[in-house]
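>>> coordinates for the following, if possible.
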Amino acid sequence: MTDVPGLRVGHETLRAPSPAPGAGSGAAGGAGGGAEAGPLTGSTVVLAPPEGAVAGVDVRGAAPGTRETDLLDPRRLVRRINAVLLTGGSAYGLAAADGVMRGLESDGWGYPLTRGPGPAASERIVPIVPAAVVFDLGRGGDFGARPDAATGLAAYRAATGPAGTGPVVSGVVGAGTGAVVGALKGGVGSASAVLSSGATVAALVVLNAAGSAVHQPTGELYGARFGLGSGAEAEFAALRPPDPAELAAALDAGLLRSALEGPLRATTLSVLGTDARLSKAECCLLAGMGADGLARAVRPVHTMVDGDTTFALSTGARPAPELADLHELLAAGADCVTRAIVHAVLAAESVRTPAGTWPAYTAALPSTHP
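Below is the predicted model of the structure:
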């Protein structure tokens, strides 16, 4: 995501201490013996440039938890936003947006309000922070451990700090800390592409899906075929088909299935960013294509227990694309979401808490990624 000039990313991770080495059962084992109850959640902020970014949204899941998404409709007044918040905590986690707004206000970023007498009128702003949540309540063993305004402010400060423009930290971090995908551990992933026009498009994903990212008959990731490059230079060239015995064991343990038959509540969140100049309507179209990219990498998707939500941001630093360039941008945006999901799966690490055990894909099928 930070490959798009002007966009910054910050995480705040809330996580109980990991169990001591050798405590309890292994990564694919029981329900968290030796683990300490606590939080397993967090927040992630995608920060726009000081002048803001044009934005759109697409909500596909049946159980979304969102804030300020109606404002992104092309028929609404505000054209630019200041940040997007992705957060755990289900509906409780929307409180983290208050902290992001507080940080933006203190830095003087927001929608300007010109009405009112005196010089103070120029200081009256309302930061615009659309937000969406994933369901991770209780996954650390403490149902009451959720992101709040302090969490959102910390994620915002991380985005404004030196690391905010560096490579996006992926895996069990920020809003992806408590994420799962089917029966495996989910997390944060990111991917980008440079287009023939010179514009950049990128995606950041919080993978927390009821569906599975793994094709059960083969054990391979649905989205891996969409990696950039080919041969030894391919993006996911290191991936291998799993050992048949490993695959059989993972299938017997139910690790590659979706979680629709269980009590899981889910939601995958995505943010697409580009430096091409887009309108709000075109940002909404880009967000919709991003949702299609999710559908390539997770099956089933947009279910009754997912609140899948995709945002799209345009910094407008480059010219508006012609039709052919817009087509390329939309197609690449969908691919970036698919690729970001693969990166999220590969970056995840196994997690065990009193609430359960979620092995990483690379731990359940280690032969796939030697």
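>>> please enumerate the helices of the stretch 1-150 of the chain.
In the stretch 1-150 of the chain, the segments counted as helices under DSSP state H, counting those that start in this stretch are 96-106, 149-160.
>>> hmm, who's touching the shortest one?
By C-beta atoms under 8 Å, 6 or more residues apart in numbering, the list of residues contacting helix 96-106 from outside reads 43, 45, 67-68, 82-83, 85, 87, 89, 110, 125, 127, 129, 131, 147-157, 160. Every C-beta, even on glycine, is put in place using the N, C-alpha and C of the backbone.
>>> and that helix, what's buried?
Across helix 96-106, burial judged by 16 or more other C-beta atoms under 10 Å covers A96, A97, D98, G99, V100, M101, R102, G103, L104, E105.
>>> I'd like the average pLDDT over it.
For helix 96-106, the mean pLDDT works out to 98.
>>> now do the last one
Confidence over helix 149-160 (mean pLDDT, whole number) is 98.
>>> same check on stretch 272-280?
In this model, stretch 272-280 has an average pLDDT of 98.
>>> how far does that stretch sit from the chain's center?
Using C-alpha atoms, centre = their mean, to the nearest Å, the distance from the centre of stretch 272-280 to the centre of the chain it belongs to is 18 Å.
>>> what about that stretch, start to end distance?
End-to-end distance of stretch 272-280 (C-alpha to C-alpha, to the nearest Å): 13 Å.
>>> mind listing what's buried in that stretch?
For stretch 272-280, the neighbour count (16+ other C-beta under 10 Å) marks L272, G273, T274, D275, A276, R277, L278, K280 as buried.
>>> repeat for stretch 306-322
Going by neighbour count (16+ other C-beta under 10 Å), the buried part of stretch 306-322 is 306-318, 321.
>>> now, these that are in strands?
Secondary structure assignment by DSSP state E places T309, T310, F311, A312, L313, S314, T315, G316, A317, R318 of the buried residues of stretch 306-322 in strands.
>>> ok, for A191, nearest residue in space, not its chain neighbours?
Leaving aside its chain neighbours, A191 sits nearest to R339 (3.8 Å; criterion: C-beta to C-beta, 6 or more residues apart in numbering).
>>> what's the host helix or strand of the one you found packed up against?
R339 belongs to helix 323-347 when assigned by DSSP states H and E. With contacts taken as 3 or more C-beta pairs under 8 Å, 6 or more residues apart in numbering; DSSP states H and E, helix 323-347 sits against strand 187-194, strand 200-207, strand 269-276, helix 280-297, helix 361-364.
>>> what angle sits between that helix and helix 280-297?
Per axes from the mean of the first three to the mean of the last three C-alpha atoms, to 10 degrees, the angle that helix 323-347 makes with helix 280-297 is 40 degrees.
>>> the closest residue to V168 other than its chain neighbours bridge partners, please.
Spatial nearest neighbour of V168, chain neighbours left out: S190 (4.2 Å); criterion: C-beta to C-beta, 6+ apart. Taking DSSP bridges as the rule, S190 bridges to L204.
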